[in-house]
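I need the structure of the sequence given here:
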Amino acid sequence: MASQGAVTYFLNQWQGGDLDAGEKVLCEIYADLEVMARQLLGRGDYRFTLEAGDLIHETLTRLMGDSVTWNNREHYFALMAKTMRRVLVDQARHRNRQKRGGEAFKVTFNEEQHGDGSETYHLLDLDQALLELKALDARQCKVAELRLFLGLTIHEIADVLSLSTRTINTEWRMAKAWLTGKLQGSV
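Now for the predicted structure:
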């Protein structure tokens, strides 16, 4: 994962008007974004027509088009996860409209790589559940987005959010339990 100091430094320079710093930010994080996008698109039953590079490009295009101000690396990755989620949700909605409500995309709480089983849910249902979770606990929602949409590990999320791994692990377990309950209709 790109170093926290370098990304924050280049983001600050970019915010100050140094356009070259924007390219340096992308150079610092592109490899990480590509790994994250490949993991995300490789999980679950997406059947998306997007490739990892396309997902990254669309995400960055939307971020640039929104004239967003980034405060630091944490904020940047949070916006990246949220925007990547929006891209996938928009694609799922578009595909559902084309199929007149047919097959919905699914996302897997793929813990195979993290060690505790997996559950598969429709992406649009997950999106709605995340909106509700955000109203209840914004930090848990942010942890879930970083975990599910960027595929970050507990240690990486702790680094991005400048929190302990113990805190992130607790927040993820609580968010996952709440989301699972919500998506199974018991919350």
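
please state the offset of stretch 144-163 from the chain centre?
Relative to its parent chain, stretch 144-163 has a centroid offset of 9 Å by CA atoms, centre = their mean, to the nearest Å.

a strand runs through Leu152, doesn't it?
No - using DSSP: H, G, I helix; E, B strand; the rest coil, the secondary structure at Leu152 is coil, not a strand.

can you tell me how far it is from Met84?
Distance, Leu152 to Met84, using CB to CB, to the nearest Å: 12 Å. C-betas here are computed from N, CA, C, even on glycine.

with Gly42 instead?
Distance from Gly42 to Met84, by CB to CB: 14 Å.

those two: which is more packed in?
Met84 (25 against 12; other CB atoms under 10 Å).

assess the claim that the more buried one and Leu150 are in contact.
Yes - with contacts counted by CB atoms under 8 Å, Met84 reaches Leu150, the gap being 6.8 Å.

what is in contact with the two at once?
Met36, Leu40 (CB atoms under 8 Å, 6 or more residues apart in numbering).

strands of the protein, start to end?
Ranges of strands within the chain are 106-108, 120-122, based on DSSP state E.

can you tell me which of those the model trusts least?
Here the lowest mean pLDDT among those goes to strand 106-108, at a mean of 61.

what stretches of the chain score poorly on pLDDT?
1-4, 43-49, 65-69, 71, 96-120, 186-187 (pLDDT under 70).

show me which helix runs longest in it.
In the chain, assigned by DSSP state H, the helix with the most residues is helix 73-98.

for it, name the packing helices and strands.
Applying 3 or more CB pairs under 8 Å, 6 or more residues apart in numbering; DSSP states H and E, we find helix 73-98 packed against helix 4-15, helix 19-42, helix 52-65, helix 123-136, helix 138-149, helix 154-161.

try 10 Å
With contacts defined as 3 or more CB pairs under 10 Å, 6 or more residues apart in numbering; DSSP states H and E, the packing partners of helix 73-98 are helix 4-15, helix 19-42, helix 52-65, strand 106-108, helix 123-136, helix 138-149, helix 154-161.
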